[in-house]
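Novice: model the structure of this input:
(chains A and B)
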Amino acid sequence: MRWPIGVAIAGVLSGLPCRAAAQFLTTIDANVANATYDGYLTSAVYTVAPSVVFGIGPIRAGADGAYSEFESGHGSGIVGVNALGGTKIYGPLYWELGAEGTALWYRSNPPVVSGDFTPRLRFDRGPFKAWVGGAFGSSDNDSLHGSFVDRFDAGLSYALPHVTPVFTIATTHAGHAQYTDVDAAIQSELGRFSLIATGGHRAGTLLGGSASWLSAELHVTLTSNLSFVFAGGSYPVDLVRGTPGARFISAGVRLSRPFGVHKPSMGAVRYSNSSNDVLVDARTLRFTAQANAHVELMADFTNWQPVPMTEVRPGLFQVTLPEAIRSGPHRVNIRVDNGDWSVPNELPPVIDDFGGKAGALVVP
Amino acid sequence: MKYAGAVVLGLVVVTVRLDAQANDDRLRGLFDPPTYAQLHAVLDSARTAGLPTEPLIDKALEGSAKHASSDRIVTVVRDLSARLADTRTALGGYGTADELSAGTAALRAGIAPATLADLRRLRHNEQVTIPLAVAAELVARGVRPDSASAQVLRLAAAGAPDVELATLPRSLASPSVVSSLYPGGPGFSAPTAVDGGKSSGPVEAGRPPKRSPQRP
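Specialist: Residues are numbered from 1 along each chain as shown, chains lettered A, B, ... in the order given. Alright, predicted model coming up:
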C-alpha cells in the first residue's frame, strides 16, 4: 500500500509555498558495525544513511534512507518519507497527525512497503510530557499473513537536570501478529556528550525476533556539524517494516548541516511567528497588532521614547529606525491606540521590574 | 615630551567625566532634583566600582517611560547595580556592558551562575553576550533553566557562532514542531527522541531511525 507515502510527500509539498521561515537539516551518517541478526551469522556491516528534515511553521517533514553492505557482498537499502503537523488545542494540550511510508529491500527479494497515519494527543507542561496516540496503516511484509496494521501507544517523560527518563507502552496488531512493547529509556546530556539508553520487553504473539532488548547510543559532539556516534546492544524485529532483530556494536560519524535557514542579514536575527518576521533588516522591525490601529513602539534602542509604526498590511506594523540596532539583547514594548504598553505577539515576555513585561529580542 | 603622558591622561579623564556628565544629563530633565540626586549617587557608585552605567540609565529611562514612581525607579536601578556586580563575579570578574546586561537577565531568568562561568571558560576569547541572551530567551519561551543552559553550553562547546546560537529560540517557536532541527538541540527532550523512528512518533531531526545495521 503506497498511499501513505503519497500522503507524506503531499505533506512535504504543501509546506513549500508558505512564507514562514523554513529550516532544513541534512545529515549523513556513516558507520561500521559488527552485527548478529536473528537467524543469520555474525557479519560486518558498512552503512551510509543520508536524511533531510524540513520544518516550516507547524509542519515538519523529512526523507531518509540507508544503504548497507554486508560481509557477504550483499546489499540492503531502506528509504522513507514522513510528515507531521499539529497545533495547540488548549493550554498544555496539543494534537498531532503524522504520516510515514517506508520501503525496504534486500538483494533481489521483493521490497517490503509499509505506511501509516499516526494521530496523537500530547500533554506538554514544563518538564512533564505525556502522550497517547496510535497508528493505522498497512504493510506488505509476507510474514504477517495480512496487511492491516494498527497500534495504540502511550508514554510519559519527566526532564530532570541532565537526565530525562521516558516510559512507553505500545500494543500492535500487524496481520496475524499481536504484541505489546514496554520500553524504558534514559536520555542524558553533559557538555559534548549525550547518551540514550533503552531497554524493553515484548510480549504477545511473536513472529520471531528478540523478546527483550537493551541498547545504548553515545554521541560525542566535535563541532556543530560533526559528531562521533557509538552504539551497541540489541533491538527487536520490526514486523511492520520488515527489519530483523539484531545484536550489534557500531562506530561512526555524523555530518549534519542546516541549510535553507534564513541566515540573518546585516547582523539581524529573524524571529518567526506565522508568516511575519520581526526583524526585517538591521533597522526595520515588524509586529502584528490590531488592524487599523495607531501602534507605537518603544525599546531600549529608542531610549524608551515612543516611535509610531506604519501599517504596511492590515494588522502588520513596521518601523524603520534611523540607526541599526546593535548586537545584543534588547527589550521592546508596543501599545495600541494609546493603551497600556504590552509585549509584541512575536516576542517572549520578560519581567520589566515596573509591574509589567517587555518582549525580549536578541540581535546577534 | 615627558609631559605628554600626563596630558593624554588628563584628556582621558576629562573625556570620561564629560561622557558621564552627558549620560547623567539624560536623566536630569526627567526626574525631580531629589530623585535625580539619588540616581546620580547610584551611578557614581557603579562608576567607582567599575560597573557600566548604561544599563542603569536605560533602566531609569524605561521606568520613567512607564510612569513608575520615583521611589520604585531608584530601588530598581540600585538593585540592578548590585545584580550587575553579581553577574561580573559570575563571569570571572570582568565583562562588557552588554555581557553584564545579558548575564543579569540570564541570572534573573534562573540560569545558574555556574553556567555563566562555563560559558566564559568555553568562549574565553569571545563575547558571551549572545549565548547568555539566548539562554534567558529560552527560559522566557518556557524551557527549563537547566535545559536552556545545557542547550546553550552544548552549542558553545561545539564552537557554534552567535548567528547559529541566535536561531535556537526560533526552533521552539511552534510547540508542535517538537524537535529542533539541530542535532542534540531541543528535540533531544522527550518524548520524540526516544521513540523516534521506532514507533509512530516523529523522527528526531538529525537522527535517522534505527535502520542500520539492516538485514544481512
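Novice: what's the helix or strand for residue A:198?
Specialist: Following DSSP states H and E, one finds residue A:198 within strand A:193-205.
Novice: and the next element down the chain from that strand?
Specialist: From strand A:193-205, the next helix or strand downstream (DSSP H and E) is strand A:212-221.
Novice: need the residues that contact that next one.
Specialist: A:192-202, A:227-236, A:245, A:254, B:154, B:157-158, B:183-184 (CB atoms under 8 Å, 6 or more residues apart in numbering or on different chains). Yep, even glycine has a C-beta here, placed from its N, CA and C like the rest.
Novice: just the buried subset of these, written out for ChimeraX, thanks.
Specialist: The ChimeraX selection below is limited to those of those classed as buried (16 or more other CB atoms under 10 Å in any protein chain shown):
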select /A:192,194,195,196,197,198,199,200,202,227,229,231,232,233,234,235,236,245,254 /B:154,157,158,183,184
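Novice: counting contacts, what elements does the strand holding residue A:198 pack onto?
Specialist: If you count contacts as 3 or more CB pairs under 8 Å, 6 or more residues apart in numbering or on different chains; DSSP states H and E, strand A:193-205 packs onto strand A:177-190, strand A:212-221, helix B:192-195.
Novice: so which of the ones you listed is the most packed in?
Specialist: Highest mean neighbour count of those: helix B:192-195, a mean of 26 (counted as mean count of other CB atoms under 10 Å in any protein chain shown).
Novice: lowest-pLDDT helix or strand in the chain?
Specialist: The chain I'm using is chain A. When the helices and strands of chain A are scored by mean pLDDT, DSSP states H and E, strand A:272-273 comes last with a mean of 34.
Novice: the chain in question should be chain B.
Specialist: Least confident helix or strand, chain B: helix B:192-195 with a mean of 30, by mean pLDDT, DSSP H and E.
Novice: sketch out the low-pLDDT regions of chain A for me.
Specialist: A:1-24, A:55-58, A:126-127, A:145, A:161-162, A:191, A:206-210, A:224, A:258-277 (pLDDT under 70).
Novice: and it, what are its domains?
Specialist: Residue ranges for each domain of chain A read A:3-259, A:272-363, as given by automatic domain parsing.
Novice: chain center to the shortest one, what's the gap?
Specialist: Same thing as domain A:272-363. 30 Å (CA atoms, centre = their mean, to the nearest Å).
Novice: next, see if it gets close to chain B.
Specialist: Yes. Legend: contact between domain A:272-363 and chain B by CB under 8 Å from any CB of the partner chain is shown at A:272-273, A:298, A:300, A:303-306, A:327-329, A:331, A:341, A:348-356, A:358, A:360, A:362-363.
Novice: what subset of these is buried?
Specialist: Buried among these by 16+ other CB under 10 Å: A:272-273, A:298, A:300, A:304, A:306, A:327-329, A:331, A:341, A:348-350, A:352-354, A:356, A:358, A:360, A:362-363.
Novice: next step: these restricted to strands.
Specialist: A:272-273, A:298, A:328-329, A:331, A:349-350, A:358, A:360, A:362-363 (DSSP state E).
Novice: for residue B:44, helix, strand, or coil?
Specialist: helix (DSSP: H, G, I helix; E, B strand; the rest coil).
Novice: state the mean pLDDT of the strand or helix carrying residue B:27.
Specialist: Using DSSP H and E, residue B:27 sits within helix B:4-28. Taken as a whole, helix B:4-28 has an average pLDDT of 58.
Novice: show me where pLDDT drops low in chain B?
Specialist: In the predicted model of chain B, residues B:1-24, B:170-216 satisfy pLDDT under 70.
Novice: picking up where we left off before, contacts for the strand holding residue A:198?
Specialist: A:176-189, A:209-221, A:233, A:236, B:154, B:184, B:188, B:193-194.
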